[in-house]
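Asker: could you look at this predicted model? Sequence included:
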Amino acid sequence: MAPEVVDAMQPLLNDYYGNPSALHWAGKPVKAILHKAREQVAKLINGSPGEIIFTSGGSEANNLALKGFYFKNIHKGKHIITSKIEHPAIINPCKFLEKIGARVTYVGVDQYGRVSPEEIKKAITKETILITIMHSNNETGTLQPINEIGKIADVHGIAFHTDASQSVGKVPVDVEELKVDLLTIAGHKLYAPKGIGALFIRDG
């Protein structure tokens with residue numbers, strides 16, 4: 001952890017212990033701190049505080065994004081598009097959803113490990129409800145053309161998720177520029193403690 005993170009956490013380990021959802025004297029200060037944290041995360045990615053949900057890490061955020069969206073929108077279609085080079089935290093939820101009726105298309109990459117927006121476009125069907133492509137690869141560091149894919153998703157009215165666990169805090173990440181509806185953050189990848197993550201869910 002970064003020393004600044006340790007310093008910021010110290011008061012919460014020693015002085016604040018109330019439930020942020022409680023209305024009594026011990027809960028209110030913690031609620032204010034939690035709101036400030038949401039504001040900070042939102043500012044980092046150019047979202048709004050109400051669009052940030054804290055999780056236990058990137059894997060939980062990915063599971064929440066994929067399974068949560070699928071179950072909520074199964075009446076619209078059962079097709080998901082992803083890539084063959086995703087992290088297991090994406091591949092495993094996709095495999096789980098396949099077992100219960102989802103159809104998942106795994107697009108390939110070029111010699112640089114880059115997903116082709118055209119391949120994404122070709123994979124879209126009337127049943128497609130979600131596209132999920134990582135922002136940067138955890139093995140190669142390749143940045144994916146998220147903005148281009150986001151524009152394609154938007155034109156077709158398809159929700160778009162990106163796992164930005166490896167890139168938030170290292171390269172600029174702007175949810176408006178990227179054209180994403182859901183975005184995953186893993187705290188320990190940017191000097192926070194293990195066991196903390198966040199999921200951006202666009203309003204609406």
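Answerer: Alright, I've got the coordinates.
Asker: in which helix or strand would I find Glu176?
Answerer: Using DSSP states H and E, Glu176 sits within helix 175-178.
Asker: tell me the buried residues in that helix?
Answerer: 175, 178 (16 or more other Cβ atoms under 10 Å). Backbone N, C-alpha and C define where each C-beta goes, glycine included.
Asker: Ser59: which element?
Answerer: Taking DSSP H and E as the criterion, Ser59 maps to helix 58-73.
Asker: pLDDT on that helix, on average?
Answerer: For helix 58-73, mean pLDDT rounds to 98.
Asker: which SS class is the residue most central in space within the chain?
Answerer: When Cα atoms, centre = their mean is applied to the chain, the residue found nearest the centroid is Thr184 (1.8 Å). The local conformation at Thr184, judged by DSSP: H, G, I helix; E, B strand; the rest coil, is strand.
Asker: test my guess that it contacts His161.
Answerer: Yes. Counting by Cβ atoms under 8 Å, Thr184 sits close enough to His161 to count as a contact (7.4 Å).
Asker: what helices and strands are in contact with the helix holding Ser59?
Answerer: Packing partners of helix 58-73 (3 or more Cβ pairs under 8 Å, 6 or more residues apart in numbering; DSSP states H and E): strand 52-55, helix 88-99, strand 128-132, strand 159-163, strand 182-186, strand 197-201.
Asker: quick one: buried residues of the longest one?
Answerer: For helix 88-99, burial by neighbour count (16+ other Cβ under 10 Å) applies to 89-91, 93-94, 97.
Asker: same question, stretch 13-28
Answerer: So, applying 16+ other Cβ under 10 Å, buried residues of stretch 13-28: Gly27.
Asker: picking up where we left off before, and the residue nearest to the centre of the chain, what does it touch?
Answerer: 58, 61-62, 65, 161-165, 197-200 (Cβ atoms under 8 Å, 6 or more residues apart in numbering).
Asker: for it, give its distance to Glu119.
Answerer: 22 Å (Cβ to Cβ, to the nearest Å).
Asker: also Gly150?
Answerer: 15 Å.
Asker: more crowded one of these two?
Answerer: Counting neighbours by other Cβ atoms under 10 Å for Gly150 and for Glu119 shows that Gly150 has the greater number, 23 against 16.
Asker: buried sites along stretch 65-74?
Answerer: Those would be 65-67, 69-70, for stretch 65-74 by 16+ other Cβ under 10 Å.
Asker: identify the farthest-apart pair in those residues.
Answerer: Using Cβ to Cβ, the buried residues of stretch 65-74 span at most 9.4 Å, a distance reached by Ala65 and Tyr70.
Asker: sorry, back to before: mean pLDDT added to the helices and strands packed on helix 58-73, as JSON lines?
Answerer: As requested, the helices and strands packed on helix 58-73 are exported to JSON lines (pLDDT from 0 to 100):
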{"stretch": "strand 52-55", "mean pLDDT": "98"}
{"stretch": "helix 88-99", "mean pLDDT": "98"}
{"stretch": "strand 128-132", "mean pLDDT": "98"}
{"stretch": "strand 159-163", "mean pLDDT": "98"}
{"stretch": "strand 182-186", "mean pLDDT": "98"}
{"stretch": "strand 197-201", "mean pLDDT": "98"}
